[in-house]
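# Kindly return the folded structure for what I paste below:
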Amino acid sequence: MVLLHVKKGDDDLFLFECSVSIPITSLTIEIAKIHNGRQKIFRMCSEMDYLADHGVSLPTNMVGLLPDQIQELKLTDPGATMHTPSGGSISNPDPHLKRNGHAPDEEMAKLLRTTCEAAKQSIHKNLIQQGTVLSYDHISEQFLKLRDALMAVYPMGLPLYDPLHVESTSMEAADLDCGYGSFRDVIDPQNAVLWWAGKELKGQDEKLLRNFIGSNEKTKIVIKLTQKGSGAPGREACYTDEQRKAMMAQAFRRQQEVEKLMEDDDDHYLNSQWADSRALKRSFQGINNIKFRPV
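Now for the predicted structure:
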């Protein structure tokens, strides 16, 4: 199986494993779906942490208003009574004035945070260093776990205007918009493009992956994900960050040594035995190792 190191720009994303016989069109769609799924999981975890701290979202006509302004305008929040967390709630006002401040109790909040942390760690880019591959089925499994945690804390569901309600309705992320500008990194699978070695992997004429990289299944390559019309991504650097830091440290040590040698212009080395111009003459005369003992 070929191991694909998927990147977007200079950012590492995940590892993907496939055969060289996979069509380029199918490969592009699969990688784009995994990328969009990772973005969805991270968005959901971010909102769930916010939910655990400050409760469900306020209606759109109450977002950003102070309590006095809400009372003056006689606005009501139906989510405060219809969508309450199981186990009761605690008061924790939202400083950003986006949520109603009725947060779940400590046990339910811990359930949300624990589930989010486990989901983020299971799709984190650090898995690349461990050699762990990612699949769309694994992303879907994490999505279901997050949705189950939401249902456990909020059995009555979430308000329609809550971003998490929008996110938890479907695994497909490209056509959803919760109004928080979180979809800039989502790539439409039909408009996704893969690049390898500065060359676009075009799926025309039903081309397979082996038409570009050969038939060797034991191959690891770096694939870059872009959108159509965005142009070719930058090429990979010749050296990694660790190699570059090691080279810079070595050059700095060498420069320090040269500076010390330039400053050290003494002639104390003339006292050394190897610098004695009469050493050869004394060795022939047999007086090379004469020692004098005080009387």
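# domains of this structure?
Domain assignment for the chain, taken from automatic domain parsing, gives 2-227, 241-285.
# okay if I get these as TSV plus mean pLDDT and distance to residue 233?
(Each C-beta comes from the backbone N, C-alpha and C, glycine too.) Converted to TSV, the domains of the chain look like this (pLDDT from 0 to 100; distance: least, Cβ to Cβ, whole Å):
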stretch	mean pLDDT	distance to residue 233
domain 2-227	87	4
domain 241-285	81	18
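# okay, those in CSV with distance to residue 293 and mean neighbour count next?
Shown next, in CSV, are these (distance: least, Cβ to Cβ, whole Å; neighbours: other Cβ atoms under 10 Å):
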stretch, distance to residue 293, mean neighbour count
domain 2-227, 69, 17
domain 241-285, 19, 9
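# any chance of those in JSON lines, with distance to residue 291 too?
Putting the domains of the chain into JSON lines (distance: least, Cβ to Cβ, whole Å) gives the following:
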{"stretch": "domain 2-227", "distance to residue 291": "65"}
{"stretch": "domain 241-285", "distance to residue 291": "13"}
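# in the chain, which spans are helices?
Using DSSP state H, the helices found in the chain span residues 24-54, 67-73, 79-82, 106-122, 127-130, 136-153, 163-168, 210-213, 241-263, 279-285.
# What angle do helix 136-153 and the first one make with each other?
Relative orientation of helix 24-54 versus helix 136-153 (axes from the mean of the first three to the mean of the last three Cα atoms, to 10 degrees): 20 degrees.
# what sits against residue 86?
104, 108, 152-155 (Cβ atoms under 8 Å, 6 or more residues apart in numbering).
# Between which two of the residues you listed is the distance greatest?
104 and 155 (11.9 Å; Cβ to Cβ).
# Just put the contacts of residue 86 in CSV and tack on distance to residue 95.
Below are the contacts of residue 86 laid out as CSV (distance: Cβ to Cβ, whole Å):
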residue, distance to residue 95
104, 18
108, 21
152, 27
153, 22
154, 22
155, 28
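# Apart from its neighbours in sequence, what residue is nearest the residue most central in space within the chain?
The chain has residue 125 as the residue nearest its centroid, 4.5 Å off, counting by Cα atoms, centre = their mean. Using Cβ to Cβ, 6 or more residues apart in numbering and skipping the chain neighbours, the partner closest in space to residue 125 is residue 12 (4.7 Å).
# right, and the one you found touches residue 124 too?
No: using Cβ atoms under 8 Å, residue 12 is not in contact with residue 124, being 10.1 Å away.
# List the contacts of residue 198.
232, 235 are the contacts of residue 198 under Cβ under 8 Å, 6+ apart.
# ok, it to residue 18 distance?
21 Å (Cβ to Cβ, to the nearest Å).
# And residue 172, by the same measure?
22 Å.
# Roughly how far does residue 22 sit from residue 119?
From residue 22 to residue 119 the distance is 27 Å (Cβ to Cβ).
# what are the bridge partners for residue 208, then?
residue 23 (DSSP bridges).
# I figured it hits residue 20, correct?
Yes: between residue 208 and residue 20 there is a contact at 6.9 Å, judged by Cβ under 8 Å.
# Identify the contacts common to these two.
Joint contacts of residue 208 and residue 20 (Cβ under 8 Å, 6+ apart) do not exist.
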